[in-house]
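In: Compute the structure for the input listed below.
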Amino acid sequence: MRLRLFNILLLSLFMSGIHLAQISYNISNTLRYGNGERAIGTTKGEFRYFENLTDIRLSLPYKITIGARALYDNPPEIGFVDKGLKRRFIELSSDNYLIRLGNFSELYGRGLALNLFENRSLGYDTWMDGVRGKYSFDNFNFSAIAGKLNFKDSIEIKRKEDYTIFGGGIEYNPLSNIKLGLAYIYSKALFNVLPKGIEITANTPSFYLSYDSKNISFLFDYSFKDSRQLNDNVYSKGRGIYTSISYTQPGIGITLDYKNYAFDERDPFERNDFTRPSRMLPFQNPPIVLKEHSYTLFTRAIHEVDFNDELGFQLEVFLTPSENSFLTMNASFASRHSRWELMNGFEFKKMDERKIIPGFSNAYSPYYEMFAELEYEFSDNTSCKIAAAKRSKILANEFSPGSNDHVIHSTILPFQLKKKINSWLSFETDYQIEFVNDNYNTSQQKFNNQLFSLIGIFVQDYTLTFRYEFTTNNYEVSKKRVWSAVEVGGRVNQNISFVIAYGSERGGQICSNGVCRYIIPFNGLRLQILTNL
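Out: As a prediction, the model looks like this:
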């Protein structure tokens with residue numbers, strides 16, 4: 001397949017040779033290097049990573065686009081060793097159609113049935129290899145995909161799945177501000193799990209609609225999933241619902257999101273089997289209905305969204321009390337669907353089920369977060385942000401009734417100040433403190449984490465950053481309490497930028513768009529060079 005596509009690339013370039021003046025290109029290269037040590041608990045070891053990613057994109061006459069990615073991850077910081085031609089595609093487009101052969105991403109609705117994307121920083125990639133097409137006429141939009149997806153989970157090593165996928169979607173706009181959509185995905189997969197592989201087939205149809213007006217927006221997305229294990233003819237089914245409504249006018253914005261994900265609700269025994277083939281498929285990725293934060297202490301999430309069994313809501317309000325101030329408030333709540341009870345020490349029985357509203361008692365393992373942030377501009381040269389948040393996570397102890405549930409309370413207070421001194425110097429300072437109460441940290445339930453950073457910006461192109469973090473937790477897994485680093489960054493010209501950092505990073509669980517990874521603590525040198533031509 002790769003050789004055939006490469007031949008097509010050469011033929012296209014040859015045929016377009018008489019139009020060289022019409023050919024444009026873009027080449028981007030990212031080089032990342034690190035040398036130091038990583039620590040798992042108190043065990044330390046030398047670690048070096050080297051990653052080089054080159055993306056090439058050619059725009060040819062007749063609206064033909066050709067692209068390729070050369071990758072050298074050996075070894076990578078996160079994920080698997082990968083070398084060679086990672087991606088390649090050829091695309092032909094016009095005002096009403098698009099055909100792409102090779103690698104591609106895709107999104108239907110809000111991703112309940114299909115959301116193909118990549119997050120390199122977390123080692124997650126669900127791009128497909130095949131053909132993708134779109135066609136539009138009047139008020140209709142048609143799309144179709146076919147190809148293969150080879151998915152490997154960089155954390156759950158046992159999870160390796162090879163998919164053959166066919167699907168498509170139809171969107172209809174009866175009015176300019178109303179959209180109706182239908183999508184259907186069929187997949188056949190081989191799960192490479194021990195002691196033998198498991199073959200499954202799955203169907204994920206979905207329906208979505210949206211409405212947009214000057215002040216109100218509404219979205220509803222529903223997907224159903226059924227899968228069958230061909231080895232033993234075991235059948236499972238699930239479904240997911242996401243809906244959102246927003247209201248905006250000058251000075252105010254209100255958004256309410258709701259999720260009800262039950263793609264594979266299981267009892268506590270089966271829930272902990274991360275290799276089970278009935279789980280939500282990796283090419284599905286709905287909205288998390290939790291606020292995505294940029295503050296460092298917030299990104300170390302204490303809650304990982306379980307798309308197989310979670311329902312909840314999120315309310316966010318934006319206000320502009322004055323011309324110089326902006327206020328954001330967010331509240332989210334989530335829980336499992338059911339309360340389980342262990343019978344005779346051998347099996348679980350579902351005692352109660354929440355079908356629409358999440359459960360507030362400990363038995364439903366609830367999670368909530370309350371957040372508020374105020375940004376104020378004192379002048380064109382000075383601004384600040386101050387925020388406060390309260391988080392609470394409870395994991396019900398379903399295996400030992402009467403024992404303590406795992407309860408974590410966290411209060412975070414961040415503060416940022418930006419100041420422009422003159423045309424060539426400005427700075428930004430950031431202070432965050434988190435108060436934690438974790439009843440499973442039995443020797444010291446209460447402790448705090450603090451982070452301070454100072455960024456100096458020189459002639460708008462160069463930065464010098466100092467970061468210092470410490471914890472009062474005497475029982476930190478790594479037995480370390482202080483982490484510090486210095487970072488220098490800059491833009492050599494319009495095409496080249498770099499970042500060099502030296503020091504220690506705490507690591508921890510990081511989540512983005514529902515994908516969570518545990519980042520192993522690192523101490524040493526990091527280098528990144530970005531080039532665009």
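In: so residue 518 makes contact with residue 507?
Out: Yes - at 7.3 Å, residue 518 counts as touching residue 507 under the criterion of Cβ atoms under 8 Å. Quick note: C-beta positions are derived from backbone N, CA and C, even for glycine.
In: who's more crowded, these two?
Out: More crowded of residue 518 and residue 507, by other Cβ atoms under 10 Å: residue 507, with 18 against 11.
In: any idea how far residue 516 is from that one?
Out: Using Cβ to Cβ, to the nearest Å, we find residue 507 at a distance of 13 Å from residue 516.
In: same deal with residue 418?
Out: In this view, residue 418 and residue 516 are 30 Å apart by Cβ to Cβ.
In: What is the burial count for the closest residue to residue 477 other than its chain neighbours?
Out: Distance criterion Cβ to Cβ, 6 or more residues apart in numbering; nearest residue to residue 477, sequence neighbours excluded, is residue 41 at 5.3 Å. Residue 41 sits with 10 neighbouring residues when counted by other Cβ under 10 Å.
In: Give me the pLDDT value at residue 41.
Out: Residue 41 carries a pLDDT value of 74.
In: so it touches residue 476, yeah?
Out: No - the criterion here is Cβ under 8 Å, and residue 41 misses it with residue 476 at 9.9 Å.
In: where does the stretch 101-250 of the chain have low pLDDT?
Out: Residue ranges of the stretch 101-250 of the chain with pLDDT under 70: 154-159, 194-195.
In: And the contacts of the helix or strand encompassing residue 28?
Out: Per DSSP states H and E, residue 28 falls inside strand 24-40. Residues from elsewhere that reach strand 24-40, judged by Cβ atoms under 8 Å, 6 or more residues apart in numbering: 44-59, 77, 478, 480, 520-533.
In: try it again with 7 Å
Out: 44-59, 77, 478, 520-533 (Cβ atoms under 7 Å, 6 or more residues apart in numbering).
In: for stretch 220-235, same thing?
Out: 109-110, 112-113, 198-209, 236-243, 263, 277-278.
In: buried sites along it?
Out: 220, 221, 222, 223, 224, 225, 227, 228, 229 (16 or more other Cβ atoms under 10 Å).
In: From the residues you listed, pick the one nearest residue 317.
Out: residue 220 (21.5 Å; Cβ to Cβ).
In: what's across from the closest one in the sheet?
Out: Beta-bridge pairing of residue 220 under DSSP bridges involves residue 209, residue 243.
In: Return the subset of the contacts of stretch 220-235 lying in strands.
Out: 198-209, 236-243 (DSSP state E).
In: List only those of these flagged as buried.
Out: By neighbour count, with 16+ other Cβ under 10 Å, these hold 198, 200, 202-209, 236, 238-243 as buried.
In: Excluding residues flanking it in the chain, which one is nearest residue 425?
Out: Nearest to residue 425 is residue 458, by Cβ to Cβ, 6+ apart, at 6.1 Å.
In: Quick one: low-confidence residue ranges for the stretch 301-450 of the chain.
Out: Across the stretch 301-450 of the chain (using pLDDT under 70), the flagged ranges come out as 401-402.
In: show me the contacts for residue 255.
Out: 244, 246, 316.
In: now the last one, which residues is it bridged with?
Out: Here residue 316 sits in beta bridges with residue 255, residue 330, going by DSSP bridges.
In: Okay, helices next: where are they in the stretch 201-350 of the chain?
Out: When secondary structure is read from DSSP state H, counting those that start in this stretch, the stretch 201-350 of the chain shows helices at 268-271, 296-299.
In: deepest of those, which one?
Out: The highest mean neighbour count among the helices of the stretch 201-350 of the chain, using mean count of other Cβ atoms under 10 Å, belongs to helix 296-299: a mean of 18.
In: who touches that helix?
Out: Here helix 296-299 makes contact (Cβ under 7 Å, 6+ apart) with 293, 412, 432, 434, 449, 451, 510.
In: Check stretch 464-482 too.
Out: Taking Cβ under 7 Å, 6+ apart as the rule, stretch 464-482 contacts 39, 41-42, 441, 443-444, 447-456, 483-488, 506, 521.
In: Just the ones of these in strands?
Out: If you go by DSSP E, these have 39, 447-456, 483-488 in strands.
In: Touching stretch 71-86 from outside, list them.
Out: 2, 34, 49-53, 68-70, 122-123, 152, 154, 517.
In: Show me these that map onto strands.
Out: Among the contacts of stretch 71-86, the ones falling in strands (DSSP E) are 34, 49, 50, 51, 52, 53, 68, 69, 70, 152, 517.
In: Give me the buried subset of the residues you listed.
Out: Buried among the ones in strands among the contacts of stretch 71-86 by 16+ other Cβ under 10 Å: 34, 49, 50, 51, 52, 53, 68, 69, 70, 152, 517.
In: Which two among those residues are spaced furthest apart?
Out: Farthest apart among these by Cβ to Cβ are 68 and 517. That separation is 27.3 Å.
In: Isn't residue 321 up against residue 328?
Out: No - counting by Cβ atoms under 7 Å, residue 321 stays clear of residue 328, with 11.6 Å between them.
In: Would you mind giving the secondary structure of residue 79?
Out: For residue 79, the assignment made with DSSP: H, G, I helix; E, B strand; the rest coil gives coil.
In: Give me the number of neighbouring residues for it.
Out: Applying other Cβ under 10 Å, we find 20 residues neighbouring residue 79.
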